[in-house]
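Visitor: okay, structure incoming, though there's no sequence with it:
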């Protein structure tokens, strides 16, 4: 019997309260969207097994670190890629920690940054204040987490926006302006460039757009770091471990743990998950 995964990596999902971090985690781990859920207190935990490295990574088309928005890329849907390429597909278990964004819990949630090898830094594209906060979140993360942590900036709730930010209060008489975007792709990509953040991706936990891509991007870049020998897989303090190594510090008894297999890790037969914000 083959091992269920080759590596396990600790990821944290951080950002202001109400940006949709929990909805993104639920969408990834459970494949569904809940329009209402309790405010996260402290942290919640979930997990998911995803493919990393070739042949699956060939469909991701991840080049060198850059900040180009990847929301337009199609979902990754290889059909038994390992068989086609005659190689064994590597798998990574993402140990995902969804942290509270409220200032009240920051002293608690910061402690979970320790040992993280990847992070999704989430803001709400309809709320500029949440975008203004990402610099502070990034500073805290880099002070505590693993050196060289892989960070992807995520602009969530893209289902509420058109391609461009509208001019203030400009709309035709008697017609409601449905575009609620207040942070443009250009602004977010420039922030990534200035702050040495890997990439910017826009997502919608409601529709599922970009969610798979965001997590797979982080996982693939962690895998590349593994291949480059940047982690000690036997160090209990490391945020990445090989199969069979001690998982001390990677998780505690979780309030929510959902683990999907390799087939589920991809876009279920190319049809995507239905459901539906943030």
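Guide: That came through, no problem. Please read all numbers here as calculations on a predicted model, not as lab measurements.

Visitor: all helices in this structure, in order from the N-terminus.
Guide: Taking DSSP state H as the test, the helices found in the chain are 21-30, 57-60, 81-85, 106-109, 128-132, 134-144, 185-195, 211-227, 262-265.

Visitor: as JSON lines, these with distance to residue 152 would be great.
Guide: (Glycine included, C-beta is placed from N, CA and C.) As requested, the helices of the chain are arranged in JSON lines below (distance: least, C-beta to C-beta, whole Å):
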{"stretch": "helix 21-30", "distance to residue 152": "11"}
{"stretch": "helix 57-60", "distance to residue 152": "13"}
{"stretch": "helix 81-85", "distance to residue 152": "23"}
{"stretch": "helix 106-109", "distance to residue 152": "18"}
{"stretch": "helix 128-132", "distance to residue 152": "15"}
{"stretch": "helix 134-144", "distance to residue 152": "11"}
{"stretch": "helix 185-195", "distance to residue 152": "9"}
{"stretch": "helix 211-227", "distance to residue 152": "5"}
{"stretch": "helix 262-265", "distance to residue 152": "17"}
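
Visitor: mean pLDDT for these: which is lowest?
Guide: Within those, the stretch with the lowest mean pLDDT is helix 262-265, showing a mean of 36.

Visitor: which of the helices of the chain is buried the deepest?
Guide: Between the helices of the chain, helix 21-30 has the highest mean count of neighbours, a mean of 25, where neighbours are mean count of other C-beta atoms under 10 Å.

Visitor: so which elements touch it?
Guide: Here helix 21-30 touches strand 7-14, strand 43-52, strand 90-99, strand 118-124, strand 150-156, helix 211-227, going by 3 or more C-beta pairs under 8 Å, 6 or more residues apart in numbering; DSSP states H and E.

Visitor: same thing but at 6 Å, please
Guide: Counting contacts by 3 or more C-beta pairs under 6 Å, 6 or more residues apart in numbering; DSSP states H and E, helix 21-30 is packed against strand 43-52, strand 90-99, helix 211-227.

Visitor: what are the contacting residues of the longest one?
Guide: With C-beta atoms under 6 Å, 6 or more residues apart in numbering as the contact definition, helix 211-227 has outside contacts at 9, 24, 27-28, 50, 52-53, 57, 60, 62, 70, 73, 75, 92, 117-118, 150, 152, 154, 201, 203.
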